[in-house]
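Visitor: Next come a sequence and a model predicted from it.
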Amino acid sequence: MLDKERGLYIAHCADGALSITGKMANRHGLIAGATGTGKTVSLQVMAETFCQAGVPCFMADMKGDLSGISQVGKMSGFIEKRLPEFGVENPEFQACPVRFYDVFGEQGHPMRATVSQMGPLLLSRLLGLNETQDGVLHIVFRIADERGLLILDLKDLRSVLDWVSKHAREYTTKYGNISAQTVGAIQRSLLQLEAQGADHFFGEPSFDIYDLLQTEGGKGVMSVLAADKLMMQPKLYSTFLLWLLSELYSTLPEVGDLELPKLVFFFDEAHMLFSDASKALLDKIEQVIRLIRSKGVGIYFITQSPTDIPEVILGQLGNRVQHALRAYTPKDQKAVKTAAETFRANPDFKTDEAIMNLETGEALVSFLDEKGAPNMVQRAKVLFPLSQIGAITEGQRMDIIKQSRVYGKYDTPIDRESAYEILMKESEEQQAAEAETKEKGKAEKGGKKKSGIMGKVLKAVMTAVTSTLAAVLGTWVSNKVSGKESKSKTSAKEKVVKNATSAATRTVTRELTRDILGNLVK
């Protein structure tokens, strides 16, 4: 609740209002607590308070409950009973401007990213690759950059992987061994990812980060991601949100500490971000969280226990709302003790005991002061939302989607020329060239074969004619010498020609028959 005197009024304790200092809102925060203790309501209260101050927010909606932030709230007996505790007489129930998004494009505007934007580090985590496969994936991205191949969607990536596998020897000395088995393993992981519906996320038009930084009527726009289906693929969910943070970090300019942040990013089910994360990925997460505040972005993690967050990152979360934790086992008791130690102690109560005795809607609260130091922890009651608590109808959702300023901007996928099309074209051209060369070779071989047959025929004819003429001439000379010259010169000549022609015809026929039968046998 925005209050002129109290500022970003979030909770109320015995000593009065507890508010987030505007210029410290980008120092990040944590909302923690067991299931059913009020985390979602605290998130909604915090988000709509930022909204009223003109700060846009992004949040993931796990069960559809946060969609109610788009509708005006109503007075209830529970709220009416608590009004005196907060010093509020007539609450101004109001809705927030909302845009619904959905990676699968079913319950909101589609949100897409290209494979190149995702990058090999995040994609490797999404695919669950081992160290060797991760190394090959990085090589594939490098080669694609060198060749100017755009990797926009999964079919682009599959095409580049296939091409690199076929030309692996060309890159072995430069980048190291690229085995077909490793490439095959990556291809199988891509098929599994595609089967989970992740292919909806990769492609164009890619999401414009600046669409998260919008205001309407002086209020910050609430970007609500439908995550009920997305949660079924935890790695896709957490990697997608981390991609959003990375894009914000790399795109937004440095602005330092503003009076109010440019955007507040709520990361629900935050433990998924850190589970099974490699050291390289954890280093990247730490870097983004540490430096993104200078871009005017505040990140608020929502999870069950502070122990879900690595200590190096937990230490950067200055604004905290801790709901009740249960301690039935030694492990739970240790988690409670750890959570208590993250607060600046209050001499009026024992923090660890208070955490286990908090009621629903009650929390231990500590925000940063104007100098950036944590205030003493207070046992407080979180305010009630001014917007609707609970989910909206499907009809209400569709009306909001159609009235959105980004309606139609991301709905139609674009498939422009990229790696897949370029490599397919190259493959077709290569196949055509090979076919042309093959046909040319056949023609040349056929010409040589015909030339060989004619040569044999001519040689045979000449041999036959020469032999016949020699034989006839020999007979004639012999007769001449012996005085037995033929009475008819014409008859002798005709005989010579006839014999020569017959011999030549027999030879030609024999040679042609031999070559034709030889070709048929081949």
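Guide: Yep, it's here.
Visitor: who touches the helix or strand where Phe240 lies?
Guide: Using DSSP states H and E, Phe240 falls within helix 234-251. The contact list for helix 234-251 (C-beta atoms under 8 Å, 6 or more residues apart in numbering) reads 58, 60, 103, 111, 113, 117-118, 122, 125-126, 128, 193, 196, 198, 201, 209-210, 212, 227, 230-231, 263, 265, 267, 269, 272-273, 275-276, 284-285, 288-289, 291-292, 295, 297, 299. (Glycine included, C-beta is placed from N, CA and C.)
Visitor: Quick one, which of those residues are buried?
Guide: Buried by 16 or more other C-beta atoms under 10 Å: 58, 60, 103, 111, 113, 117-118, 122, 125-126, 193, 198, 201, 212, 227, 230-231, 263, 265, 267, 269, 272-273, 284-285, 288-289, 292, 295, 297, 299, out of those.
Visitor: re earlier: now, which of the contacts of helix 234-251 lie within strands?
Guide: 58, 60, 263, 265, 267, 297, 299 (DSSP state E).
Visitor: ok, Tyr420 - contacts?
Guide: 153, 155-156, 158-159.
Visitor: And it, what's its pLDDT?
Guide: We have a pLDDT of 93 for Tyr420.
Visitor: element containing it, please.
Guide: Applying DSSP H and E, one finds Tyr420 within helix 419-482.
Visitor: One more: Pro253?
Guide: Applying DSSP H and E, one finds Pro253 in no helix or strand.
Visitor: right, and it touches Val297 too?
Guide: No. Applying C-beta atoms under 8 Å, one finds Pro253 not in contact with Val297, separated by 11.6 Å.
Visitor: show me where the stretch 51-200 of the chain has strands.
Guide: 57-61, 98-102, 109-110 (DSSP state E, counting those that start in this stretch).
Visitor: Might you calculate how far the first one sits from the centre of the chain?
Guide: Strand 57-61 sits 20 Å away from the centroid of its parent chain (C-alpha atoms, centre = their mean, to the nearest Å).
Visitor: That one packs against which elements?
Guide: helix 39-52, strand 222-226, helix 234-251, strand 263-268 (3 or more C-beta pairs under 8 Å, 6 or more residues apart in numbering; DSSP states H and E).
Visitor: ok, the second one: who's next to it in the sheet?
Guide: Read it as strand 222-226. strand 57-61 (parallel), strand 98-102 (parallel) (DSSP bridges).
Visitor: who's in contact with the last one?
Guide: This points to strand 98-102. Contacts of strand 98-102 (C-beta under 8 Å, 6+ apart): 67, 69-70, 107-111, 211, 214, 221-226, 229-230, 397, 400-401, 404-406.
Visitor: Counting neighbours, what do you get for the nearest residue to Pro374 once chain neighbours are set aside?
Guide: The shortest distance from Pro374 to any non-neighbouring residue, by C-beta to C-beta, 6 or more residues apart in numbering, is to Arg344 (4.9 Å). When neighbours are counted by other C-beta atoms under 10 Å, Arg344 registers 11.
Visitor: So Arg344 lies in a strand, does it not?
Guide: No. Counting by DSSP: H, G, I helix; E, B strand; the rest coil, Arg344 falls outside a strand, being coil.
Visitor: So it is in contact with Met376, correct?
Guide: Yes. Judged on C-beta under 8 Å, Arg344 makes contact with Met376 at a distance of 5.1 Å.
Visitor: what touches both of the two?
Guide: In contact with both Arg344 and Met376: Ser366, using C-beta under 8 Å, 6+ apart.
Visitor: how much space between Phe240 and Met424?
Guide: Separation of Phe240 from Met424 (C-beta to C-beta, to the nearest Å): 29 Å.
Visitor: These two: who's more crowded?
Guide: Phe240 (22 against 12).
Visitor: residues in contact with the residue nearest to Pro374?
Guide: 366, 374-377.
Visitor: picking that back up, need the strands of the stretch 51-200 of the chain in TSV (columns: distance to Lys74).
Guide: Formatted as TSV, these follow (distance: least, C-beta to C-beta, whole Å):
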stretch	distance to Lys74
strand 57-61	20
strand 98-102	18
strand 109-110	28
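Visitor: can I get the ones you listed in CSV with distance to Ile414 and mean pLDDT?
Guide: Output for the strands of the stretch 51-200 of the chain, formatted as CSV (distance: least, C-beta to C-beta, whole Å; pLDDT from 0 to 100):
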stretch, distance to Ile414, mean pLDDT
strand 57-61, 24, 95
strand 98-102, 18, 97
strand 109-110, 12, 96
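Visitor: Single out the most deeply packed of the ones you listed.
Guide: Among the strands of the stretch 51-200 of the chain, the stretch with the highest mean neighbour count (mean count of other C-beta atoms under 10 Å) is strand 57-61, at a mean of 25.
Visitor: now the angle between strand 263-268 and that strand, please.
Guide: Calculated by axes from the mean of the first three to the mean of the last three C-alpha atoms, to 10 degrees, strand 57-61 forms an angle of 20 degrees with strand 263-268.
Visitor: As CSV, could you dump the C-alpha coordinates of strand 57-61?
Guide: What follows is strand 57-61, C-alpha atoms only, in CSV (Å, rounded to 0.1, in the frame of the first residue of the first chain):
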residue,chain,number,x,y,z
CYS,A,57,6.9,-5.8,-11.8
PHE,A,58,7.3,-9.2,-13.2
MET,A,59,6.1,-12.3,-11.4
ALA,A,60,5.4,-16.0,-12.1
ASP,A,61,1.9,-17.2,-11.2
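Visitor: which residues make contact with that strand from outside it?
Guide: 43, 47, 50-51, 66-67, 212, 220, 222-228, 230, 237, 241, 244, 263-269.
Visitor: returning to that earlier point: and which of the contacts of Tyr420 is nearest Thr303?
Guide: Asp153 (32.3 Å; C-beta to C-beta).
Visitor: Among the contacts of Tyr420, which one is most surrounded by other residues?
Guide: Ranking the contacts of Tyr420 using other C-beta under 10 Å puts Asp156 first, with 25 neighbours.
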